[in-house]
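Colleague: got a predicted structure here, sequence first:
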Amino acid sequence: MATREHAHVRVAVIGSGFGGLGAAIRLRREGITDFVILERADAVGGTWRDNSYPGCACDVPSHLYSFSFAPNPAWPRNFSGQPHIRAYLERVTDTYGLRPHLRFDSEVLSARWDADALHWQLETAGGSLTADVVVSATGPLSDAKIPDIPGLETFPGRVFHSSRWDHDYDLRGKHVAMIGTGASAIQIVPSIQPTVDRLTLFQRTPAWVLPRADRQISGLEKWLHGNIPLTRSVRRQLLWIIRELQVSAFTKRPSELGLVENIAKAHLRRAVKDPALRARLTPDYRIGCKRILLSNTYYPALAQPNVDLVTSGLKEIRGNVLVAADGTETEADAIVFGTGFHVTDMPIASRVTGANGTTLAEEWKDGMEGLRGTTAAGFPNFLTIIGPNTGLGNSSMILMIEAQLNYLADYVSHLDTLGGKIALNARPSAVHAWNHFVQQRMERTVWTTGGCDSWYLDANGRNTTAWPGTTAEFRKATRKVDLAEYEVLRPPHERVTALTAPAATTTGATA
Ligand code: NAP
């Protein structure tokens, strides 16, 4: 077993999606080859491996939704479909020589900090190992959330989640109940509507939907991007800048988003002629409060005669009858849950036990808190890619991941420079200062003031997922590790050194 060959590694990366592969590439670039990538499945790709539902595609243009250091001049469309993104990640894995580091079927069952040895003890489905540093890149959209619906076990038909599509089940001629109206559901609905006999959509909250400016990328563009790299980078920069300029409307001046609501309303009017149906599809909260959805086919599909819209959440199931909160009853052959993911209660957090003997989930019971979205107090040498408050509402998460990779590179270089067996532990005061800064900024954002409930918010209504700034600001804040924000741990027989200044109070991001 590969993990036994490597009983100890310098770095254990958990997950092989964009975050995990990116971390691995960056480690290699920093000259570190003593690492493994622990993957619970049998292939790379993360969310782009798991989500294979009909119509699955990305809402961020591919020339921005890809690594800056691994451009793909051959993207077929503005918004590539899941198969192309997955194939890209497979290619990146080969190009950067990551295969020897991959440990498939190695779900991390537990990770426990050993304070004496100053390393992590990991138990995985593929064996045990220890690691000086753990990079958790499990992603916030990896563990499917199926609501606890009374009677679900009595349903005699097929049930699956959008991210675990049952490709063996033929939907033709079936009555399918689709639960949810998020980014996944609105891609599934138009893809299956022509095939199924009936489709009943359970909409608890209508979504704001904008036109999707998708098109094929021409042969000439591909040639230019392949042969004149400047054209590729200009394209990427333009895509980036446009999105950076939109940020202040989300974070500081949500009233400006009213203009965008008019575009969405016109989009709805064009596709749905029935005013009663239109009214049921019109949101009553500010656009951007929930993720803005892009589709040219969702509304037209809802206007088809074989589609019923139930404007109420699924509340109960009695055999093959689905009961909505408003009492509407619907018979169905299959249920597809497009009900999202465990974002603010990531299952990996309950498997990670830190220096105080408590799990990350216990530490985060009142809400996730990280230092610069990456580390947490009491969890030395444990970095999370796409950690607390790193999510974006309008741009490419790859930009945030790459910013965190800079932080990772600087982190491991500090471990080298400081020398010996050491670990860095985020100071609680630094974590507090960072979160105070983030939460203060959060107050004016559309996610706080927009009048909706969303997966950005945790059970206490606090936004612990989104980044209330531009990607440039986050990049600046994570360019370097500020050692004043960490205590340096040394083995018990050596002196425990508190470095230089006490806690940092600056954040490094401009307010
Ligand atoms: P989601 O955005 O969390 O949506 C979950 C949906 O399920 C919501 O509409 C929610 O309603 C609904 N729901 C939950 N319980 C329900 C119940 N009992 N009855 C009826 N409806 C119920 O999940 P998602 O669509 O999988 O998307 C998650 C994230 O993945 C996205 O925000 C995006 O970041 C990413 N994603 C991106 C793309 C893309 O790029 N195109 C595609 C797919 C996913 P409420 O709104 O009332 O809570």
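Modeller: That came through fine.
Colleague: now do the same contact list for S110.
Modeller: By CB atoms under 8 Å, 6 or more residues apart in numbering, the contact list for S110 reads 122-123, 351-353. Every residue, glycine included, has its C-beta placed from N, CA and C.
Colleague: is the ligand contacted by stretch 145-160?
Modeller: Yes: figure legend: stretch 145-160 in contact with the ligand (CB under 6 Å from any ligand atom); contacting residues P147.
Colleague: give me the contact list for that stretch.
Modeller: By CB under 8 Å, 6+ apart, the surrounding residues in contact with stretch 145-160 are 161, 166, 169, 179, 314-320, 332-337, 339-342.
Colleague: if we take the contacts of S110, which one ends up nearest to the ligand?
Modeller: The closest of the contacts of S110 to the ligand turns out to be R351 (CB to the nearest ligand atom; 22.4 Å).
Colleague: so the closest one sits right up against V108, yeah?
Modeller: Yes: counting by CB atoms under 8 Å, R351 does reach V108; the two are 6.3 Å apart.
Colleague: now L259: which helix or strand?
Modeller: Here L259 sits within helix 258-271, counting by DSSP states H and E.
Colleague: next one: that helix to chain centre, how far?
Modeller: Computed by CA atoms, centre = their mean, to the nearest Å, the chain-centroid distance of helix 258-271 equals 27 Å.
Colleague: can you show me the CA trace of it as PDB?
Modeller: Taking C-alpha atoms only, helix 258-271 is exported to PDB below (Å, rounded to 0.1, in the frame of the first residue of the first chain):
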ATOM      1  CA  GLY A 258     -31.200  47.200  -8.700                       C
ATOM      2  CA  LEU A 259     -30.100  47.800 -12.300                       C
ATOM      3  CA  VAL A 260     -29.200  44.200 -12.700                       C
ATOM      4  CA  GLU A 261     -32.500  43.200 -11.300                       C
ATOM      5  CA  ASN A 262     -34.200  45.000 -14.200                       C
ATOM      6  CA  ILE A 263     -32.100  42.900 -16.700                       C
ATOM      7  CA  ALA A 264     -33.200  39.700 -14.900                       C
ATOM      8  CA  LYS A 265     -36.900  40.700 -14.900                       C
ATOM      9  CA  ALA A 266     -36.700  41.500 -18.600                       C
ATOM     10  CA  HIS A 267     -35.100  38.100 -19.100                       C
ATOM     11  CA  LEU A 268     -38.000  36.400 -17.200                       C
ATOM     12  CA  ARG A 269     -40.600  38.400 -19.200                       C
ATOM     13  CA  ARG A 270     -39.100  37.400 -22.500                       C
ATOM     14  CA  ALA A 271     -39.300  33.700 -21.600                       C
END
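Colleague: who's in contact with the helix or strand following it?
Modeller: Heading C-terminal from helix 258-271, the first helix or strand you meet, by DSSP H and E, is helix 275-281. Residues outside helix 275-281 that contact it (CB under 8 Å, 6+ apart): 203, 206, 268-269, 272, 299, 302-303, 309, 311.
Colleague: just those residues: which are in strands?
Modeller: The strands, defined by DSSP state E, take in L309 from the contacts of helix 275-281.
Colleague: which of the contacts of helix 275-281 lies closest to the ligand?
Modeller: Nearest to the ligand out of the contacts of helix 275-281 is Q203 (CB to the nearest ligand atom; 6.8 Å).
Colleague: the closest one and T181: what is the separation?
Modeller: 5 Å (CB to CB, to the nearest Å).
Colleague: so those two - more neighbours on which side?
Modeller: Taking neighbours as other CB atoms under 10 Å, Q203 and T181 compare with T181 leading, 26 against 20.
Colleague: show me what contacts that one?
Modeller: 201, 203-207, 338.
Colleague: give me the pLDDT value at it.
Modeller: pLDDT, T181: 98.
Colleague: surely it is within a helix?
Modeller: No: counting by DSSP: H, G, I helix; E, B strand; the rest coil, T181 is not found in a helix; it is coil.
Colleague: what is the burial count for the residue in the stretch 251-400 of the chain that the ligand sits nearest to?
Modeller: Here the residue of the stretch 251-400 of the chain nearest the ligand is G340; by CB to the nearest ligand atom that distance is 2.5 Å. By other CB under 10 Å, 21 other residues sit near G340.
Colleague: wait, it sits on A185?
Modeller: No: the pair G340 / A185 is not scored as a contact, 9.4 Å apart, by CB under 8 Å.
Colleague: who in the stretch 301-450 of the chain is up against the ligand?
Modeller: Contact residues, the stretch 301-450 of the chain versus the ligand (CB under 6 Å from any ligand atom): 313-314, 338-341.
Colleague: who wins on neighbours among those?
Modeller: Busiest of these [other CB under 10 Å] is L314, holding 24 neighbours.
Colleague: for that one, which residues are in contact?
Modeller: So L314 contacts 147, 149, 177, 179, 202, 322-325 (CB under 8 Å, 6+ apart).
Colleague: one more pass at 10 Å, please.
Modeller: By CB atoms under 10 Å, 6 or more residues apart in numbering, the contact set of L314 is 147, 149, 152, 177, 179-180, 200, 202, 204, 322-325, 328, 330, 335, 337, 339.
Colleague: and for W364?
Modeller: 344-346, 349-350, 358, 370, 376, 388, 458, 464.
Colleague: thinking again about what came up before, state the pLDDT value of the residue of the stretch 251-400 of the chain closest to the ligand.
Modeller: Looking at G340, its pLDDT reads 96.
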